[in-house]
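> for reference, the sequence and a predicted model appear below.
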Amino acid sequence: MRGFGIDLGTANTVVGIPDEGIVLNEPSLMMVRTTERRRALAIGRDASDLLDRTPPGIAPVRPICDGVIVDLETARAYVTAVLAKVAPRRRYGMRPTAVLAAPVSATPLERRALLEVGQEAGLRKVGLIPGPVAGALGCGIDPLEPRAHLVVDIGGGTSEVTTLCYGGILSHRSCRIAGDDLTSAILRYLRAEHKIVVSELTAERAKLGAPDTADERSLVVEGRDAATGRARLVTLETEEVMDAIRPTTTSIVQTLSTCLDDLPPRAISDVMSEGILAIGGGSMLRGVPQLLEEAFGLPVKTAERPLTCVAEGATACMAQRDVIAAYAA
Ligand SMILES: Nc1ncnc2c1ncn2[C@@H]1O[C@H](COP(=O)(O)OP(=O)(O)OP(=O)(O)O)[C@@H](O)[C@H]1O
């Protein structure tokens, strides 16, 4: 089948192809010349390798903000470059189709922007599916069955909780605080407590390193002394990282847990027996599943592949048009 399942995320872009699986999973980042912002010089990992190393006249652009497109021209250039990277024309024909995941909270205008950008980037037909529905499908859940499933998605720019059942959405909450805000919290902490200025990549590495350091208990980060500007190393305890991000994770989880207020009793009993499905990169952070369990009072299962299950589900939808028809806005 000629087509793609695409998760255009704030932090990562993931693309799947039926029968081939995930063919691209890279940062949603593009390098452009400041004089010609409509053409991508580099995207994804190639662009990320250039971060904090760009010569004058070249700048990084994040084409997706809080899960949605903010500038049509930049996004069109980005999606065109993504498709060129994954889809040599001789293999997928001139105009392949695609299913794109969109946040449940996207407005009609934001959804239309996604459709337009996809079509202008060369896709023949574009279908949209709510991200949590795609994520559930990617984890083997049938979103059409008459049984409620609660999905929490903590991404880079947005956190969402959605209860889906029988082709519809029973309840939903979202907030524009997510994984990237946790990285910012670490940046602020290092500056305030250790008087050191580090790059976003370094703060992100400290965040990602936290789960693996149960044995080591500390990690070393490099940066610039806030007062002298000289290069300096700081030893950061894992617990410090957790303390720095705790207020943000707590606020995300508390906002999401209010979603239970809207659920009818039978849906609650479905969710109690099944547990919550946690997806998105933020769900992999140490302590987050426990925080979710405490706030919701329900068991939590983290997806096997939290970063790619949405694109996997969007790809699976290519062969399940009834799911797209049921969840189309
Ligand atoms: N192992 C990990 N532990 C903790 N956080 C992680 C891990 N891997 C990725 N992340 C974080 O998850 C976030 C990205 O998650 P994801 O790819 O699901 O988001 P996205 O789909 O791009 O964003 P959004 O859904 O908001 O548009 C980033 O903030 C990243 O730092």
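Arrived safely. None of these values were measured; they are calculated from a predicted model.

> mind giving me the domain split of this protein?
3-134+309-327, 140-303 (automatic domain parsing).

> the bottom helix or strand of this protein by mean pLDDT?
Each helix and strand of the chain was given a mean pLDDT (mean pLDDT, DSSP states H and E); the minimum falls on helix 89-92 at a mean of 58.

> the helix or strand following that one near the ligand at all?
Going down the chain from helix 89-92, the next helix or strand is strand 97-102, by DSSP states H and E. No - against the ligand, strand 97-102 shows no contacts by C-beta under 6 Å from any ligand atom, the least distance being 8.4 Å. Bear in mind the C-beta positions are built from the backbone N, C-alpha and C, glycine included.

> can you name the residues of this protein that neighbour the ligand?
7, 9-12, 67, 155-158, 178-180, 204, 207-208, 211, 280-282, 284-285, 307.

> restricted to strands, list these.
D7, N12 (DSSP state E).

> distance of the residue of the chain positioned farthest from its centre relative to I196?
Going by C-alpha atoms, centre = their mean, the residue of the chain most distant from its centre is T228, 36.6 Å out. Distance of T228 to I196, given as C-beta to C-beta, to the nearest Å: 11 Å.

> could you do L219 as well?
14 Å.

> looking only at neighbour counts, state which of those two leads.
Neighbour totals were compared for L219 and I196, and I196 leads with 22 against 18 (other C-beta atoms under 10 Å).

> doesn't T235 make contact with the more buried one?
No - the criterion here is C-beta atoms under 8 Å, and I196 misses it with T235 at 11.1 Å.

> could you pull out the strands for the stretch 1-150 of the chain?
3-8, 12-17, 21-27, 30-33, 42-43, 58-61, 64-65, 68-69, 97-102, 126-130, 149-154 (DSSP state E, counting those that start in this stretch).

> for L256, find the nearest of those.
strand 149-154 (6.0 Å; C-beta to C-beta).

> as a whole number, average confidence for the closest one?
Taken as a whole, strand 149-154 has a mean pLDDT of 97.

> specify the local secondary structure of the residue farthest from the centre of the chain.
coil (DSSP: H, G, I helix; E, B strand; the rest coil).

> remind me which residues of the protein are low pLDDT?
1, 89-94, 210-216, 329 (pLDDT under 70).

> what residue is smack in the middle of it?
Geometric middle of the chain (C-alpha atoms, centre = their mean) lands on G155, at 3.7 Å.

> how far away is it from G67?
Taking C-beta to C-beta, one finds G155 at 7 Å from G67.

> burial measure for R305, as a count.
Neighbour tally, R305, other C-beta under 10 Å: 17.

> quick check, it in a helix?
No - R305 is assigned coil when assessed by three-state DSSP, not a helix.

> ok, now which ones touch it?
Neighbouring residues of R305 by C-beta atoms under 8 Å, 6 or more residues apart in numbering: G138, E312.

> what do you get for C309?
Contact analysis of C309 by C-beta under 8 Å, 6+ apart lists A134, G135, G138, C139, I279, A303.

> of those, closest to the ligand?
I279 (7.2 Å; C-beta to the nearest ligand atom).

> so that closest one sits against V133, correct?
No - when contacts are counted by C-beta under 8 Å, I279 is not listed as touching V133 (11.2 Å).

> turn the strands of the stretch 1-150 of the chain into CSV, including mean neighbour count.
CSV is the format used below for the strands of the stretch 1-150 of the chain (neighbours: other C-beta atoms under 10 Å):
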stretch, mean neighbour count
strand 3-8, 28
strand 12-17, 24
strand 21-27, 17
strand 30-33, 20
strand 42-43, 22
strand 58-61, 16
strand 64-65, 19
strand 68-69, 23
strand 97-102, 25
strand 126-130, 23
strand 149-154, 29
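
> give me the contacts around stretch 32-48.
By C-beta under 8 Å, 6+ apart, stretch 32-48 touches 13, 24, 26-27, 29-31, 50, 57-61, 73-74, 76-78, 80-82, 85, 201.

> one more pass at 7 Å, please.
13, 26-27, 29-31, 50, 57-61, 73-74, 77-78, 81-82, 85 (C-beta atoms under 7 Å, 6 or more residues apart in numbering).

> check stretch 197-210 too.
Contacts for stretch 197-210 (C-beta under 7 Å, 6+ apart): 51-52, 182-183, 186-187, 190-191, 219, 221-224, 226, 236, 238, 241-242, 286.

> on that earlier part again, residues contacting the residue nearest to the centre of the chain?
By C-beta under 7 Å, 6+ apart, the neighbours of G155 are G9, T10, A11, G67, A178, G179, G280, G281, G282.
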